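Asker: Predicted model, plus sequence, below.
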Amino acid sequence: MSYMPKKAYLVGGGVASLAAAVVLIRDGDMVGGDITVFEEQPRLGGSLDGSGDPRSGYMVRGGRMLESKYLCTYDLFSSIPALDGRQTVTQEIFQWNETLKTGSKSRLFRDGRREVAPEFGLAEAHKRALEKLVLRSEHALGDSTIEAHFDASFFETNFWFMWATTFAFQPWHSAIELKRYLIRFMHMVSGFSRLEGIMRTPYNQFDSLVLPLHRWLEERGVRFELETRITDLDFADGPAGHRVETLHLERAGRPERLDVSPDDIVLVTLGSMTEASSQGSMDAPATMLGKPDEGAWRLWERLAEGRPELGRPAAFDNDIGASKWLSFTTTLKHSDLLNAIRDLTGNVPGEGGLVTFAQSSWLMSIVVPHQPHFQGQPDDVTVFWGYGLFVDRPGDFVKTPMAQCRGAKS
């Protein structure tokens with residue numbers, strides 16, 4: 001009897017699928033050629049992105065925070081050589097953060113002045129409300145919002161300004177999510193006002209994390225099907241649960257189907273932080289997109305229909321107004337602005353981290369990374385990144401809602 005190797009089909013080309021492929025090869029003894037990753041975009045990485053060039057400008061949609069207790073992350077990347085081949089990605093990250101430790105001298109900025117290690121400003125009532133939130137069960141919290149558990153004064157404290165902008169929280173977001181983050185990052189609270197313990201990669205996260213992962217997997221024969229959208233799955237439902245029988249996909253506008261054997265593995269990333277995002281330009285603002293524009297949310301909704309055990313996508317994708325945000329990447333042909341920011345904040349690029357303008361109508365924050373932030377970035381080009389939480393409010397100097405702004409001065 002001939003042996004038919006088990007195959008794995010991974011839907012989504014973000015870090016979840018890339019990590020799963022590494023584990024299947026490294027720990028599951030699978031052959032790379034038996035693993036296929038499907039991604040609807042023309043490039044891998046998902047929200048761990050970074051793209052562009054010095055002529056047309058660079059772009060990152062956001063940055064994912066790292067810290068020393070990300071044990072699964074560092075276990076994964078301890079198997080992946082950095083692009084220079086001299087050490088692993090994990091070794092590179094730890095060495096880099098020994099060389100350039102994070103220590104913000106201006107986490108908050110008010111009245112044109114930096115605030116060094118700002119106090120949290122929490123009253124006893126605020127502290128009791130935080131303790132009560134952490135101690136309550138998720139079942140008891142249900143679908144309540146953060147603002148349901150705190151009075152209005154809490155959202156004017158330095159603690160909230162720093163917490164909300166570090167993790168992109170809004171008052172109307174889930175109380176359960178706030179509870180989870182408070183527990184997960186409790187060990188970092190003592191250094192929170194200086195961002196102590198925050199770790200970074202030497203370059204943007206696409207160059208430092210995704211490219212080494214992609215190269216490692218490609219060397220082992222993993223197949224990458226880019227610009228391929230998975231539109232639906234056919235299930236065989238039995239006593240042991242759901243088994244995928246067929247993948248329905250769309251490539252170059254043409255529908256296809258792929259039959260799956262009973263022993264094969266299918267892993268699907270449901271939803272995405274950056275699904276249906278759009279990019280503005282110097283002449284036009286970013287376009288508001290929704291569920292019909294890309295496939296991840298629609299796929300999850302199809303899969304969850306009649307299967308409550310597969311989650312409730314509507315909790316994440318039914319209110320764009322409550323979940324949207326806007327970030328920007330600025331590419332400069334000289335270093336004058338970065339030098340001015342350095343002198344105002346007291347931090348060299350890459351050392352300070354997030355600077356929040358607490359009086360900004362947009363509640364805007366910026367990050368000036370170490371330069372170069374992209375591989376091959378010329379010495380005379382600099383890059384910084386920022387975002388706002390209140391993108392529908394008119395600005396303080398540009399009297400336009402942030403979401404309606406273009407790159408050029410109006």
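Answerer: Arrived safely, thanks for sending.
Asker: Arg254: how many residues sit nearby?
Answerer: 7 (other C-beta atoms under 10 Å). All C-beta atoms are positioned from the backbone trio N, CA, C, and that covers glycine.
Asker: Okay, strands next: where are they in the stretch 201-350 of the chain?
Answerer: Along the stretch 201-350 of the chain, the stretches classed as strands by DSSP state E, counting those that start in this stretch are 223-226, 228-238, 241-251, 254-259, 265-268, 326-332.
Asker: What are the contacting residues of the last one?
Answerer: Residues from elsewhere that reach strand 326-332 (C-beta atoms under 8 Å, 6 or more residues apart in numbering): 52, 54, 57-62, 286, 338, 381-388, 391, 402-403, 407.
Asker: if we can go back for a sec, taking the strands of the stretch 201-350 of the chain together, which one is wrapped up most tightly?
Answerer: Each of the strands of the stretch 201-350 of the chain was scored by mean neighbour count; the highest is strand 326-332, a mean of 19, by mean count of other C-beta atoms under 10 Å.
Asker: Could I have the CA atoms of it written out in PDB?
Answerer: Extracted C-alpha coordinates of strand 326-332, given in PDB (Å, rounded to 0.1, in the frame of the first residue of the first chain):
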ATOM      1  CA  LEU A 326      -6.200  56.100  10.400                       C
ATOM      2  CA  SER A 327      -2.400  56.000  10.400                       C
ATOM      3  CA  PHE A 328       0.200  57.900   8.300                       C
ATOM      4  CA  THR A 329       3.800  57.400   7.300                       C
ATOM      5  CA  THR A 330       5.900  60.400   6.500                       C
ATOM      6  CA  THR A 331       8.900  60.200   4.200                       C
ATOM      7  CA  LEU A 332      11.300  63.100   4.400                       C
END
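Asker: Can you give the strand pairings for that strand, parallel or anti for each?
Answerer: Strand 326-332 has its sheet partners listed here by DSSP bridges as strand 382-388 (antiparallel).
Asker: chain center to the partner strand: distance?
Answerer: On the basis of C-alpha atoms, centre = their mean, to the nearest Å, strand 382-388 sits 15 Å off its chain's mean C-alpha point.
Asker: just stretch 331-343 next, same as before
Answerer: Using C-alpha atoms, centre = their mean, the distance between the centre of stretch 331-343 and that of its chain works out at 26 Å.
Asker: List the buried residues in it.
Answerer: 331, 338, 341-342 (16 or more other C-beta atoms under 10 Å).
Asker: Output those residues as a markdown table; include the columns pLDDT.
Answerer: Formatted as a markdown table, the entries for those read as follows, by pLDDT from 0 to 100:
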| residue | pLDDT |
| --- | --- |
| Thr331 | 96 |
| Leu338 | 94 |
| Ile341 | 96 |
| Arg342 | 96 |
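Asker: Dump the residues you listed to JSON lines, plus distance to Gln375.
Answerer: Shown next, in JSON lines, are the buried residues of stretch 331-343 (distance: C-beta to C-beta, whole Å):
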{"residue": "Thr331", "distance to Gln375": "15"}
{"residue": "Leu338", "distance to Gln375": "19"}
{"residue": "Ile341", "distance to Gln375": "23"}
{"residue": "Arg342", "distance to Gln375": "23"}
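Asker: Show me which pair in these is furthest apart.
Answerer: Taking C-beta to C-beta as the measure, the buried residues of stretch 331-343 reach their widest spread between Thr331 and Arg342, a distance of 17.6 Å.
Asker: ok, which stretches of the stretch 201-350 of the chain are helices?
Answerer: With DSSP state H, counting those that start in this stretch applied, the stretch 201-350 of the chain shows helices at 205, 211-219, 296-304, 314-317, 320-323, 336-345, listed in chain order.
Asker: Gly191 contacts Ala117, correct?
Answerer: No. At 9.1 Å, Gly191 does not count as touching Ala117 under the criterion of C-beta atoms under 8 Å.
Asker: Turn the strands of the stretch 201-350 of the chain into TSV, columns for distance to Ile176.
Answerer: Compiled in TSV, those are given as follows (distance: least, C-beta to C-beta, whole Å):
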stretch	distance to Ile176
strand 223-226	35
strand 228-238	28
strand 241-251	26
strand 254-259	37
strand 265-268	23
strand 326-332	25
